[in-house]
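# Got a predicted model here, sequence first, then my questions.
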Amino acid sequence: MAEKHIILGTAGHVDHGKTTLVKALTGTDTDRLAEEKKRGITIELGFAHLSLPNGQMVGVIDVPGHERFIKNMVAGVGGIDMVLLLVAADEGVMPQTREHFDVCRLLGVERGLVVISKSDMVDEDLLELVTEEISELVAGSFLEEAPVIPVSAATGAGIDNLLAALTTLTETVVEKPDSGTFRLPVDRAFVIKGFGTVVTGTVLSGSLGLGDAVIIAPSDLKTRVRSLQAYGDEREQVFAGERAAINLLGLEKSEIERGEILARPETVIPTSMIDIFYTHLSSATSPLPQRSKMLIHSGSAALMGTVVVLNGQELMPGDQAYVQVRLEKPSVIVFNDRVVMRSFARRETVGGGIVLNPCPTKHRLKEYENLLPDFKLLRAGKPSDVVAILVKQAGIEGLRLDELKA
């Protein structure tokens, strides 16, 4: 059986041992910045790869736990196949434990494990108490039946159990098709002397090969692939579900920003409006008023936008509704993408949802009843219905073929 392309992400509160555990599993210290070394906390995304006992290779994304760097965390977990949710035995469930867990649910993560880190620092009674806290947190979620594994990166206790559980979990991952439109949200750009500009990211769909023509969207910069790497190996192709480093010809690092999309020419169209089916988290500390300004996270991008609730009502914690998000600048977003919304003022994750129409016209509230049947069909996702509705909602301007293909 061919090896799957799998990405594992970490999640959890600051100083709960995510980076230390990744190093224990992979031998890689993902803290690469001088400030990270000095402060002892992760600020930027870190990357490693793990070879499991059955030979399966897994890309690992280590995310920052501090509240100030939650935008970097969201940029990292988009596109992951499974998550390691860490809870420190000596602290239990903390605010960013909950927020990271909420983000994973909003992004549609479907599988994972829970690790009780620093298990050597507590007695059995406290370990049992933390286990109960975790059970309450994950009740009714994709982690409800997940193994909870006590681990000590310091002593090595539990590492073998964790590797065995990860190996079992990878067997449930469904391989992503390589035949779709190639998309890679850029999460990092840097220069290698003698080679030039390199971008990294998780391949969300499709594949890419040496010499292929690509663009950076939405800026529409054109370039070609000079070389490819995945998990430290030179490659002729990279595929959906892999972490990739792509050396680009003729571009300066300053021309590329995190959040932009690497794609083939004429396959993606930037948009400034999206319709989504939105969930306002039950943990949100306040309602979502009409026309709220929010920070919209899509892929590795963080964009300001205005949220128009199409039924005209204020949303209370736990409510769901169809909303239109009007972005302040264009981005590449496609049907069925997931977005996360954070309050810029309160610095908290308030909700998120699934993209139903990535290129709508501006809706009026009085149109809501007429739009409702279309939204329900878009949620059902039958391809023929989706194409028909997107064409209809585009109105007189119509749609380009590449907008439908994306």
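Cool, got the structure. Predicted, not measured: the structure shown is a model, and the values here were computed from it. Residues are numbered from 1 along each chain as shown.
# center of the chain, which residue is that?
Nearest to the geometric centre of the chain sits residue 78, at 1.1 Å (CA atoms, centre = their mean).
# what residues are up against the nearest residue to it once chain neighbours are set aside?
The shortest distance from residue 78 to any non-neighbouring residue, by CB to CB, 6 or more residues apart in numbering, is to residue 299 (5.3 Å). All C-beta spots, glycine's among them, are computed from the backbone N, C-alpha and C. Neighbour list for residue 299: 75, 78, 79, 185, 204, 259, 261, 332, 333, 337 [criterion: CB atoms under 8 Å, 6 or more residues apart in numbering].
# for those, which one is nearest residue 237?
residue 204 (15.6 Å; CB to CB).
# Would you mind stating the distance between the residue nearest to residue 78 and residue 334?
Going from residue 299 to residue 334 by CB to CB, to the nearest Å gives 10 Å.
# Please apply the same query to residue 175.
Taken as CB to CB, the span from residue 175 to residue 334 is 20 Å.
# When the two are compared, which one has more neighbours?
Neighbour count, other CB atoms under 10 Å: between residue 175 and residue 334, residue 334 has more, with 23 against 14.
# would you say the more buried one is within a helix?
No - counting by DSSP: H, G, I helix; E, B strand; the rest coil, residue 334 is not found in a helix; it is coil.
# I figured it hits residue 357, correct?
No - contact between residue 334 and residue 357 fails when scored by CB atoms under 8 Å: they sit 10.3 Å apart.
# Which helix or which strand is home to the nearest residue to residue 276 once chain neighbours are set aside?
Leaving out its chain neighbours, the residue that sits closest to residue 276 by CB to CB, 6+ apart is residue 353, at 4.1 Å. Assessed by DSSP states H and E, residue 353 sits inside strand 348-357.
# And residue 103, by the same measure?
Going by DSSP H and E, residue 103 is in helix 95-106.
# what about the following helix or strand past that helix, distance to the chain center?
Downstream of helix 95-106, the first helix or strand assigned by DSSP H and E is strand 112-117. Here strand 112-117 is found 19 Å from its chain centre; the criterion is CA atoms, centre = their mean, to the nearest Å.
# So which bits of the helix or strand following strand 112-117 are buried?
Per DSSP H and E, the first helix or strand lying C-terminal to strand 112-117 is helix 124-138. In terms of neighbour count (16 or more other CB atoms under 10 Å), helix 124-138 has its buried residues at 130, 131, 133, 134, 137, 138.
# Closest to residue 283 out of those residues?
Using CB to CB, residue 137 is the member of these that sits closest to residue 283, with 10.6 Å.
# In contact with that closest one, which residues?
93, 97, 98, 101.
# Could you rerun that using 7 Å?
By CB atoms under 7 Å, 6 or more residues apart in numbering, the contact set of residue 137 is 93, 98, 101.
# And for residue 191?
Residue 191 neighbours (CB under 7 Å, 6+ apart): 197, 253.
# Could you give the bridge partners of it?
In this entry, residue 191 is beta-bridged to residue 197, by DSSP bridges.
# Can you give me the distance of it to residue 211?
In terms of CB to CB, residue 191 sits 21 Å off from residue 211.
# how much space between the closest residue to residue 392 other than its chain neighbours and residue 337?
Spatial nearest neighbour of residue 392, chain neighbours left out: residue 374 (7.4 Å); criterion: CB to CB, 6+ apart. Residue 374 is 18 Å from residue 337, where distance means CB to CB.
# try residue 6
Applying CB to CB, the value for residue 6 to residue 337 is 20 Å.
# Kindly report the same for residue 154.
Distance from residue 154 to residue 337, by CB to CB: 40 Å.
# coming back round to it: tell me the one of the contacts of residue 137 nearest residue 238?
residue 101 (29.8 Å).
# what's near enough to touch that closest one?
11, 85, 137.
# One more pass at 10 Å, please.
By CB atoms under 10 Å, 6 or more residues apart in numbering, residue 101 lies in contact with 11-12, 83, 85, 87, 93, 109, 112, 114, 134, 137-138, 141-143, 283.
# Grab the nearest non-local neighbour of residue 236.
With CB to CB, 6+ apart, the residue lying closest to residue 236 is residue 210, at 5.4 Å.
# shouldn't the one you found be in contact with residue 248?
No - using CB atoms under 10 Å as the test, residue 210 is too far from residue 248 to be in contact (12.0 Å).
# where do the contact lists of the two overlap?
Joint contacts of residue 210 and residue 248 (CB under 10 Å, 6+ apart) are 224, 225, 226, 227.
# and the first one, helix, strand or coil?
Following three-state DSSP, the label given to residue 224 is strand.
# how many other residues sit next to it?
Residue 224 has 14 nearby residues by other CB under 10 Å.
# same thing with residue 142?
A total of 17 residues lie near residue 142 under the criterion other CB under 10 Å.
# where does it land on pLDDT?
pLDDT, residue 142: 96.
# Check residue 344 too.
Residue 344 is given a pLDDT of 81.
# could you give me the average pLDDT of the helix holding residue 103?
92.
# relative orientation of it and strand 348-357 in degrees?
10 degrees (axes from the mean of the first three to the mean of the last three CA atoms, to 10 degrees).
# mind listing what's buried in helix 95-106?
96, 97, 99, 100, 101, 102, 103, 104, 105, 106.
# what do you get for stretch 6-23?
For stretch 6-23, a neighbour-count test (16+ other CB under 10 Å) marks 6-23 as buried.
# Could I get the average pLDDT for the top strand by length along the chain?
Using DSSP state E, we find that the single longest strand of the chain is strand 320-331. The pLDDT scores in strand 320-331 average 97.
# heads up, I number from 602, so please use that
Let's use 602 as the start, then, which means that last one is strand 921-932.
# Tell me the first helix or strand C-terminal of that strand.
Following strand 921-932 in sequence order, the next helix or strand is strand 939-944 (DSSP H and E).
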